[in-house]
Every structure is written in structure tokens, then in C-alpha cells.
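*Asks:* below is the sequence, then the predicted model.
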Amino acid sequence: MITPTEAITLQEQLRTQVIATDALPHPIRTIAGTDVEYDKSTNLIAGSVVVLDYSTLSVLAVASHCMEVSFPYIPGLFSFREMPPLLEAYRQLTITPDLIICDGQGLAHHRRFGLACHLGVTLDIPVIGCGKTRLCGQYQDLGETRGSVAPLIAEEDQAVIGNALRTRDGINPVFVSIGHKISLPTATGIVLKMATQYRLPETTRLADHYARLALLEYKTGLNEPPVSI
DNA sequence: GCGACAG
DNA sequence: ATCTTGTCGC
């Protein structure tokens, strides 16, 4: 397996391939969400990709994959843990989404190469990073109402690496950043549009649901081996 | 050295 | 991520 040191070297190489401007189809017809679920006791990890119709939010396709965890959790090397099940799930899809919203950061990362960038560069499709909590960067003066935005500023060079975005009045913001082939304003607008009823975008909520389901199904399958004739 | 630290 | 019910507040 890849070592943490090798992973950092790979990030430094791949980061140069990130495209931080809009290169997505218009109009957008389909949007996918990805999420990963863990089972601490069995060391299993399940990744899911769910594709939605962009205008109706109806589910068009779902794919999941369960496997053993192959990389430890190290802040900054998170993508090496979640990429394997996500890539396998994505491979099973019969349709290619116009873009993906993944759970976790994109450029809002210490080396500017979070999961959203890694997934985007690897699949070569537009990806938005949307994390539930902050990894790095500082923000201030974020309004309390839905739609309020404050830039996420990197400590070291004051670069804008993402946005803190309030998707519901008085509720903790989400952290939006560029993954690949999309600009920050576009990414922020899309996340706000996808998060109407709840704090998280519908894509993430559905992917979370299907990943949890895949993990449960896989575990019950292990407990009930196939019957012999 | 100390604190921070996506899931 | 996960361990985990009720409870406080909009």
C-alpha cells in the first residue's frame, strides 16, 4: 500500500492538474453526491455515489461499494482513505453525472488538494467540495441568515481557499471549496440550491443514506452465507 | 514544544 | 467516522 510520505508526494504532483474555473455543461442536467460510511468494529468502509436529476432531484442511479479500510485517518491525507470505495462505486455507474458534490474539502486543504480535488482530477469531471466542518482557514463576519457567505482565508498566505456558507438561518455553516473544473462562486451557488430543506445538500444526505445501507447489507451478507443445494 | 486537525 | 437519550431552543 501507499505510505503517507508517498501520498504527500502524489498530492504535490496532482495538485497542479486542478482546474479552478467553470468547465461544466450548461444547463446542468445531473448532479451526483458521494459519501462514505465506516464500521469501526469490522474495519469496513462503504462508499456510495447517487446521481440526481438536477431540476427534480429524483434519483436516477445509485452505486455502492464496501471493502476493508486500506489507509489510516490522517488529517490532510483523508482522500487516500475514502477514494478506493468511491472509485469502485463510481465505476459501477452506467451514467456519467455532470458534476459531483463530495463530503469534504477541495482546495480548502493544507496542500490545496483535498478529497474533492483528488476525485475531480482522477475522474476528470467537475467536483465541488462541501465539508460539514472546517479543516483549515479562517473566516469572519458570517451573517446568520441562509445564503450568508464569508470567504475562508488560508492562514499562511491569506489566499481565499473556500467559502463558509450558511444554508439555514442560525445553523452552523458548511464549507464549500473548489474540487475541479468549477469556480468558487458557481460551487457556492450550487450547494445553496441543493441545500433547501436541511443544512447539507440533498446529494450528500442521499449518499450518506445509501452508504449506510450498503454497509448494513454487506455485514448481514457476511453473517448469512449462501445456502447450499 | 503546543495546538489544530475534512471523515 | 463512532460511542449515544433526552433535551434545550428557534
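*Replies:* Thanks, I have the structure now.
*Asks:* tell me where chain A has strands.
*Replies:* Using DSSP state E, the strands of chain A run over A:30-39, A:44-53, A:59-68, A:99-103, A:127-131, A:149-153, A:160-165, A:174-180.
*Asks:* show me what the last one is packed against.
*Replies:* Pointing back at strand A:174-180 there. helix A:115-123, strand A:127-131, strand A:160-165, helix A:184-194 (3 or more C-beta pairs under 8 Å, 6 or more residues apart in numbering; DSSP states H and E). Bear in mind the C-beta positions are built from the backbone N, C-alpha and C, glycine included.
*Asks:* ok, now which ones touch the nearest residue to A:Ala61 once chain neighbours are set aside?
*Replies:* In this structure, A:Ala61 finds its nearest non-sequential neighbour in A:Val51, 4.3 Å apart by C-beta to C-beta, 6 or more residues apart in numbering. Contact analysis of A:Val51 by C-beta atoms under 8 Å, 6 or more residues apart in numbering lists A:Thr30, A:Ile31, A:Ala32, A:Val59, A:Leu60, A:Ala61, A:Val62, A:Leu93, A:Ile95, A:Pro97.
*Asks:* filter these to the buried ones?
*Replies:* A:Thr30, A:Ile31, A:Ala32, A:Leu60, A:Val62, A:Leu93, A:Pro97 (16 or more other C-beta atoms under 10 Å).
*Asks:* show me the contact partners of the longest helix seen in chain A.
*Replies:* Ranked by residue count, the top helix of chain A under DSSP state H comes out as helix A:202-223. Helix A:202-223 is contacted by residues A:31-39, A:42, A:44, A:46-50, A:52, A:57, A:59, A:62, A:64-66, A:100-101, A:103, A:130, A:194-196, A:198 when judged by C-beta under 8 Å, 6+ apart.
*Asks:* restrict these to the buried ones and give me that as a ChimeraX selection.
*Replies:* A single ChimeraX command selects the buried members of these (16+ other C-beta under 10 Å):
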select /A:31,32,33,34,35,36,37,38,39,44,46,47,48,49,50,52,62,64,65,66,100,101,103,130,194,195
